[in-house]
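J.: give me a model of this one.
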Amino acid sequence: MLDVILMSGRTINQGRSLEGGKLGDEAIIATGSVFMDQEDMKAMKILTGTLVKVKTEFGEIVVRARTSPEQPHKGIIFIPMGIYANAVIDPETNSTGMPTFKGIKATVERVVGEKVLTPAEIIANYKAE
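T.: Numbering: from 1, shown residues only. Presented below is the predicted three-dimensional model:
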């Protein structure tokens, strides 16, 4: 398990995927990944495409690890804005209408026997408080 800081934000691919709808295959590819520093991936003994679980105090989600094109940023991970990032960020907006997408303490661990859920499966598993 690796302790990290989670960041999220918009990407070109994430924005482009919205044209096909937030629940489509293109959106899963564009937002269902975590981008990691190559040194962190080496330390975890994982490769691009490995399934990992990202956990924060707000939730957890299984996504595919990807080597970040932006290097180096050891100890910092990035999940593009979307349903996967929303599962692990603080839902509180502090009256701004927008949650905090940056600087969230998280852990990343390799998983076996799990899968990247589709957006529809994530929504079906959501439990309103």
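
J.: where does pLDDT dip in this structure?
T.: Along the chain, the parts satisfying pLDDT under 70 run over 11-24, 127-129.

J.: Leu2 versus Asp37, what's the distance?
T.: 10 Å (CB to CB, to the nearest Å). Every C-beta, even on glycine, is put in place using the N, C-alpha and C of the backbone.

J.: SS state for the most centrally placed residue in the chain?
T.: Compute the mean C-alpha point of the chain, and by CA atoms, centre = their mean the closest residue is Ile79, 3.6 Å away. Using DSSP: H, G, I helix; E, B strand; the rest coil, the structure places Ile79 in strand.

J.: identify the residue spatially nearest to it, adjacent ones excluded.
T.: With CB to CB, 6 or more residues apart in numbering as the criterion, Ile79 has its nearest non-adjacent residue at 4.3 Å, and that residue is Ala85.

J.: just checking, that neighbour touches Ser8?
T.: Yes: the pair Ala85 / Ser8 is scored as a contact, 4.2 Å apart, by CB atoms under 8 Å.

J.: name the residues contacting each of those two.
T.: Counting by CB atoms under 8 Å, 6 or more residues apart in numbering, the contacts common to Ala85 and Ser8 are Ile79, Phe101.

J.: what sits against His73?
T.: Contacts for His73 (CB under 8 Å, 6+ apart) come out as Asp37.

J.: can you tell me the element it falls in?
T.: Following DSSP states H and E, there is no helix or strand that holds His73.

J.: what does Met7 give?
T.: Here Met7 sits within strand 2-9, counting by DSSP H and E.

J.: what comes up buried for that strand?
T.: Of the residues in strand 2-9, Leu2, Val4, Leu6, Met7, Ser8 count as buried by neighbour count, 16 or more other CB atoms under 10 Å.

J.: no further questions, thank you.
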